[in-house]
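>>> Sharing a model prediction with you, sequence too.
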Number of protein chains: 2
Amino acid sequence: MKQPVGVRVRLGKRSYPIWIGSQWLSGSAPRIRQATRARTFLVLSTGRILGFHGPALKRSLRRLGQVHLLTVPDGEAAKNEHQLLRILRFLAEKGFQRDACLVTLGGGVVGDLGGLASALYMRGIDFIQVPTTLLAQVDASVGGKTAIDFHGVKNLIGAFHQPRTVLIDTAVLRTLPARVYRAGLAEVVKHGVIRDAAFFRWLENHVVEIVRRDPLAVAHMVRRSCEIKAAVVRMDERESGLRACLNFGHTLGHALESLRSSQGLQHGEAVAYGMVGASGISAEMGLCPEDVPARIQALLERLGLLKPLPQLDPGRILRLLSFDKKARAGKALFVLTRKMGAVSMNHNVPNRLILRALRHLQAPRPDVSGPA
Amino acid sequence: MKQPVGVRVRLGKRSYPIWIGSQWLSGSAPRIRQATRARTFLVLSTGRILGFHGPALKRSLRRLGQVHLLTVPDGEAAKNEHQLLRILRFLAEKGFQRDACLVTLGGGVVGDLGGLASALYMRGIDFIQVPTTLLAQVDASVGGKTAIDFHGVKNLIGAFHQPRTVLIDTAVLRTLPARVYRAGLAEVVKHGVIRDAAFFRWLENHVVEIVRRDPLAVAHMVRRSCEIKAAVVRMDERESGLRACLNFGHTLGHALESLRSSQGLQHGEAVAYGMVGASGISAEMGLCPEDVPARIQALLERLGLLKPLPQLDPGRILRLLSFDKKARAGKALFVLTRKMGAVSMNHNVPNRLILRALRHLQAPRPDVSGPA
C-alpha cells in the first residue's frame, strides 16, 4: 500500500486535506484521526457500495471508535427530505453528540445527503467524505456544497459545510460502470477549460490511458482536478461570484437534466452537452476563437460523451433556464469561454443563441468516439 | 419618529447592523435597502403578531418590492420539521429566487424557524429579523443561531446563518404580557454577569424603571445587551469555545425546560433558575465570592423571576444534563462565575453539587419580589 498524496483545500479555519491513494482505505485510520477527534462514527452509504468498499473503511474506523452503519437507496431519488429526516432521526435515536462524525461512503447523492445531515445535526458535526465515483472524487470532494432536491428542483435545499477530510481511493473506480466513469470525465474536462489550458492539452494527449483507466493517468487526473477546484473555491467559498466559473456547462446541463430526468441522463453527460453549448455560444458572440468549442467537443466525443440527443422542447428549456438558481431577473447566468483555460460570466445571452446551440447539440454527428 | 441607534455585529463579510429605535418600523425602508438588494420579501410571523405589528413593517417593505406573508402557529411547538418544510415549500411554490429576502417578525420561535429556512433555501438567502419580544431582541438578534426542535430535543437541528440586519422597535415591548417581558430580563441579567459588572450594577439601580418599562431604561438595556453579546459572538462566531460563556444559566436551564415543558416554563424563567444554580455551584467550589450568587438571586427576584419551583426529579435532571449538546463524555459543560462580570467553563461539576443547587432552588424563600 502506497502512502496517499495530499491536496490541501485552503479555507482558513475550515481548511482540510484531500488524500488521494490507491487501495489504502483499510489503512486510513491515521489520516482520519488527524482530521477528527470523534469516537463515534456513522457511515452513510448504499447497500451496494457498502458491500464493495465497506469492509476496508470499517477496518480503519473501528480502530478509532464505535461505528454505526446506515444505508439509503441507490440513485438521485434518495436525495429528498424524507431520507434527510431519517438520517437525522437515526443520529438522535442513537444519542450522537457533538463529538460524533458522519462518514459518507458513496457517490454524489450519499455525499450531498450525508453532508447536509452533518451540517444540520446540532448545527454541525464533523463530516468525512469517501467518494466512490469519479464525479464525486473530482467535484463534490471540494467545496462543501451539500443539498437535497426539493419540490422538483435539484439541490434547492442545502448548506455549505466543509468536510474535515476527503479520502479518495482511485482503485474503487475500476469497478465503476463505464457510463458512470465517463460521466465523471466531463467535470475533469471542465476543470481544464475554465482554469488550465495545459491540463486540457494533457487530457487530449492521454485519452487512451484515461479511457482504459490506467492507474497513473487516473491518479494524475483526479489530483489535478482537485487542485484546480480547490484553487477556485479558496477564492470564493460561498459562491458570491468567482466560484460561479465552476458552473461552466451547468446552466444548460441542469436544464437538460430536469427535462430528461425521467429518462436518466447522468449529471456529467448533461454537463458535457452544456459545455459544448456554452462554448459554442461564446464563439458565436465573438468572445472566443472557433477552435475552443471544436476542441472541447472533440475531446468529449473521444472520451465517449455527447451521444446524440433526442428531440428537445426548446420552449421548456428556456423556461427552466429562467428559473435557474443563479438567474437574475429571469436571465440565466452563462459561463462563457474566452480562450482555453479562461472563462467569464454573462447574464445576457440572447435566447436565439441558446436555441441555436440546442439545434447544434441535436444535429447528427459522425461517430468519432474514441476507444471507449 | 426618532432615528434608530445602530449596534454593529462584526463578523467579517457577515457583519451586520442592529438598529434600535422606538415606533420606527414604518419608516425602516432605508435601513432595509442598505442591508439587502432583494425585491421580493416573505414576512414570516404569527397571526397575532402580524395583527399588532404587520402594518408598520409592510408599509416599509412595500416601498422596496413585492411582499408575501406566511404565518405559523404561536408557541414553541411550531418549531418543528413540518413547519420548516412548509416554509420551504411556500418559497419554492412562489418561485422565490436567490435574490429574495425572508423577514421574521416575532419572537424566538419565528426567528429560529425562519432563520433556518433562509439558511437552507438555495443554500442561503437574505434574512432580516424583526424581534418582537425582549428575549428575541437581546438574545436571538445576535449570533446567527437558527434551529428547530427535533426528536424531543430543543434546537437539535439547525444552522448558523447571520441576518443582513436586525430591526428592533422597543415600543413593541409595551404590549408584551408581563410574564414574557420578565422572562426576557433573565438574559439581560446574564449579559451583566458574564461580561460587565458595571451593567449589572446599573440593572440593580434601575429595577423600578425596568419593571415599569420606562422607554429610556428599556432602550439602554436592549442596546447594552446587544453590544455585550455582539462582542462575545465576534470572538467566536461558530461557538468553538469562548462563546459558550453565553450558556451561563442554560445548562441547568435547558434541563428544567425539557422537564417541565408541558407545564410551560418560559426559557428565560428556566435560565434564571439556572443562573442561581450555576453561581451557587461556583461559590460552593470556592471559585467566586459568596456575594455573587446572592446578588444574582436578589436582582432576579426583584425583577419578578424565580417563583418557587415545584418538586423536581433530580435523577431525570442528571440524565438530561448528560445528553446536553455541549456535554463531553456524559459530563455537562457548566459556565461558572469567577466574579461579577467574568465566568469560566467547567466540564467536571460533581453531581452532588448539582443536586445541592437543585435543593436550593426548591427551598421556600421569603417573598422579596419587587414592584412587578
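Structure received.
>>> Can you name the residues that contact the residue of the stretch 101-250 of chain A found nearest chain B?
Nearest residue of the stretch 101-250 of chain A to chain B, counting by CB to the nearest CB: A:His151, 3.7 Å away. Using the backbone N, CA and C atoms, a C-beta is placed for each residue, glycine as well. Residues in contact with A:His151 (CB atoms under 8 Å, 6 or more residues apart in numbering or on different chains) are B:Leu88, B:Arg89, B:Ala92, B:Glu93.
>>> The first one: neighbour count?
Using other CB atoms under 10 Å in any protein chain shown, B:Leu88 has 21 neighbouring residues.
>>> Tell me which helix or strand it sits in.
helix B:81-93 (DSSP states H and E).
>>> Partner strands of the helix or strand following that helix, with direction?
Helices and strands here follow DSSP H and E; after helix B:81-93, the next one along the chain is strand B:100-106. Each strand paired with strand B:100-106, and its direction, by DSSP bridges: strand B:40-45 (parallel), strand B:126-131 (parallel).
>>> And the helix or strand just after strand B:100-106, how far out from the chain middle?
Downstream of strand B:100-106, the first helix or strand assigned by DSSP H and E is helix B:108-120. With CA atoms, centre = their mean, to the nearest Å as the basis, helix B:108-120 stands 13 Å off its chain's centre.
>>> how far is the helix holding B:Leu88 from where the chain is centred?
Using CA atoms, centre = their mean, the mean C-alpha position of helix B:81-93 is found 24 Å from that of the whole chain.
>>> swap in stretch A:82-98?
Worked out by CA atoms, centre = their mean, stretch A:82-98 lies 25 Å from the chain centre.
>>> do it and chain B meet?
Yes - under the criterion of CB under 8 Å from any CB of the partner chain, stretch A:82-98 makes contact with chain B via A:Leu85, A:Leu88, A:Arg89, A:Ala92, A:Glu93, A:Gly95, A:Gln97, A:Arg98.
>>> backbone phi and psi for A:Gln266, please?
Phi and psi for A:Gln266, reported as degrees, to the nearest 10, are phi -80, psi 150.
>>> out of everything not next to it in sequence, what's closest to it?
For A:Gln266, ignoring the flanking residues on the chain, the nearest one in space by CB to CB, 6 or more residues apart in numbering or on different chains is A:Ala183 at 4.0 Å.
>>> pretty sure the one you found contacts A:Glu269?
Yes - A:Ala183 lies in contact with A:Glu269 (CB atoms under 8 Å); the separation is 5.2 Å.
>>> list residues touching both of those two?
Common neighbours of A:Ala183 and A:Glu269 (CB under 8 Å, 6+ apart) are A:Leu305.
>>> and stretch A:290-305, which residues are buried?
A:292-293, A:295-305 (16 or more other CB atoms under 10 Å in any protein chain shown).
>>> ok, and what's touching that stretch?
So stretch A:290-305 is contacted by A:178, A:182-183, A:185-186, A:189, A:193, A:200, A:203-204, A:207, A:210-211, A:268-269, A:272, A:275-276, A:279-280, A:282-283, A:306, A:337, A:339-340, A:365, A:368-370, A:372 (CB under 8 Å, 6+ apart).
>>> Give the buried residues for the helix or strand containing A:Phe199.
Assigned by DSSP H and E, A:Phe199 belongs to helix A:197-205. The neighbour-count check on helix A:197-205 (16+ other CB under 10 Å) flags A:Phe199, A:Phe200, A:Trp202, A:Leu203 as buried.
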